[in-house]
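K.L.:
Kindly generate the corresponding structure for this input.
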Amino acid sequence: MSEENKFIRFDWAAKRMLRNKANFGVLEGLVQVLIGEPIKIEEILESESNQELEDDKFNRVDIKAKNSRGEIILVEIQQTRELYYLQRLLYGVAKTITEHIHLGQKYDQVKKVYSISILYFDLGRGADYLYHGQTEFVGVHKGDQLQINTKEAGIIKMVSPKDVYPEYFIIRVNEFNQVAKTPLEEWMAYLKDGYINKDTTTPGLQEARENLLYLKMSDQERRAYERHLDNVMVQNDVLDTAKDEGREEGWKEGIEEGRKEGIKEGKKEGIKEGRKEGRKEVAFNLKQMGMSIGEVAKATGLSIEEIEALYSS
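P.N.:
Residues are numbered from 1 along each chain as shown. Next up is the predicted model:
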């Protein structure tokens, strides 16, 4: 990719550049493509993600925005690599909600939260590059969705839990491997490879082409950005190495456990077969002494068919 068409990676831009009001259009475009309606960012909220060091523990962008109906929504974008990621996701959403409702306010002031996770690492198992989750209450026996009474503008109306509870989007960047044709796919191409089509009309990417060009960075910004990319590569190498070593160790342990289990099961089978052979020998001798087949079967626990087979072989 030539430097004339080289754009700054989103994980860096979200933390360092997209907090600037002039660049809000990039974030607005991403959220619009995901939730399916235009939003207008009111402000970037103060949070732990305002730290400036390269090795910041947290990497979160909290956005206060309005949707097309003028409703206030909160958007949390996070890109943190952590072992307990789902717990971190839940904590982040809960923190976003509680940070923006004041003590004494009624619960109708709780705002809808969209949690958008952009992951440049392997979260687990799954074939897709985008996952979406909502909270719904479904009848165990009837399969219907519960609707809740709520009061808005003096009118009692029915609201579905999914209209109030957080929505989660998990974007697994490295799982995207296809030609970009839709707005979502164009965004995925940018998130993964930093590529933006020069003729794009996708929300947010036109602004990204104008404001996130690599060549526009100062020498100091460029050096910091290159260090960031190096750190990402090193981090990925360390984690991949640890993963491979873990698999190898797991294989060794599995083989050893299997061998031990095999010996153990073999002993059990051997003892069982040995006992059965002993009973057959006793049965043969008893029959030779003149006992009936029924009496021999009762004495040894063998079936009549097994005893008869002793004399036919």
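
K.L.:
moving C-terminal of the worst-scoring helix or strand of the chain on mean pLDDT, what's the next helix or strand?
P.N.:
Lowest by mean pLDDT, DSSP states H and E among the helices and strands of the chain is helix 219-288, with a mean of 70. Counting by DSSP states H and E, the next helix or strand C-terminal to helix 219-288 is helix 293-300.

K.L.:
Can you tell me what sits against that next one?
P.N.:
Here helix 293-300 makes contact (CB atoms under 8 Å, 6 or more residues apart in numbering) with 279-280, 282-283, 286-287, 291, 302-304, 307-308. From N, CA and C alone the C-beta is placed, and that goes for glycine too.

K.L.:
quick one: average confidence on stretch 299-313?
P.N.:
For stretch 299-313, the mean per-residue pLDDT is 76.

K.L.:
same thing with stretch 128-146?
P.N.:
On average, stretch 128-146 scores 93.

K.L.:
Now it: buried residues?
P.N.:
129-130 (16 or more other CB atoms under 10 Å).

K.L.:
Mind checking which of the contacts of helix 293-300 are buried?
P.N.:
279-280, 283, 286-287, 302, 307.

K.L.:
With distance to residue 190 as new columns, can these be given to me in JSON lines?
P.N.:
JSON lines is the format used below for the buried ones among the contacts of helix 293-300 (distance: CB to CB, whole Å):
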{"residue": "279", "distance to residue 190": "75"}
{"residue": "280", "distance to residue 190": "76"}
{"residue": "283", "distance to residue 190": "80"}
{"residue": "286", "distance to residue 190": "85"}
{"residue": "287", "distance to residue 190": "86"}
{"residue": "302", "distance to residue 190": "76"}
{"residue": "307", "distance to residue 190": "80"}
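
K.L.:
Return the closest of the residues you listed with respect to residue 91.
P.N.:
Nearest to residue 91, judged by CB to CB, of the buried ones among the contacts of helix 293-300 is residue 279 at 64.3 Å.

K.L.:
what sits against that closest one?
P.N.:
Per CB under 8 Å, 6+ apart, neighbours of residue 279: 300-302.

K.L.:
which among these gets closest to residue 163?
P.N.:
residue 301 (69.0 Å).

K.L.:
Assign the closest residue to residue 135 other than its chain neighbours to helix, strand or coil.
P.N.:
Setting aside the residues directly before and after it, residue 135 is nearest to residue 165 in space (CB to CB, 6 or more residues apart in numbering), at 3.9 Å. Secondary structure for residue 165, judged by DSSP: H, G, I helix; E, B strand; the rest coil, is coil.

K.L.:
cool, residue 121 as well?
P.N.:
Note that with three-state DSSP, the state of residue 121 is coil.

K.L.:
and what of residue 170?
P.N.:
Per three-state DSSP, residue 170 ends up strand.

K.L.:
cool, and residue 19?
P.N.:
Going by three-state DSSP: residue 19 is coil.

K.L.:
Now do it against residue 164, distance only.
P.N.:
Separation of residue 19 from residue 164 (CB to CB, to the nearest Å) stands at 28 Å.

K.L.:
ditto for residue 144
P.N.:
From residue 144 to residue 164 the distance is 18 Å (CB to CB).

K.L.:
hang on, the earlier thing: which one of the contacts of residue 279 is nearest to residue 112?
P.N.:
Nearest to residue 112 out of these is residue 301 (CB to CB; 71.2 Å).

K.L.:
what about that closest one, neighbour count?
P.N.:
12 (other CB atoms under 10 Å).

K.L.:
For it, which residues are in contact?
P.N.:
Contacts of residue 301 (CB under 8 Å, 6+ apart): residue 279.

K.L.:
For it, grab phi and psi.
P.N.:
Backbone torsions of residue 301, given as degrees, to the nearest 10, read phi 80, psi 0.

K.L.:
Begin at 598, not 1, for the rest of this chat.
P.N.:
That works, and once the first residue is 598, the last one we named lands at residue 898.

K.L.:
Within the sheet, what are the partner strands of the one helix or strand residue 747 maps to, with directions?
P.N.:
Residue 747 is part of strand 745-749 when elements are defined by DSSP H and E. When pairing is defined by DSSP bridges, strand 745-749 lines up against strand 752-756 (antiparallel).

K.L.:
distance of residue 796 from residue 804?
P.N.:
15 Å.

K.L.:
Looking at these two, which one has more neighbours?
P.N.:
Each of residue 796 and residue 804 has its neighbours counted (other CB under 10 Å); residue 804 has more, 18 against 6.
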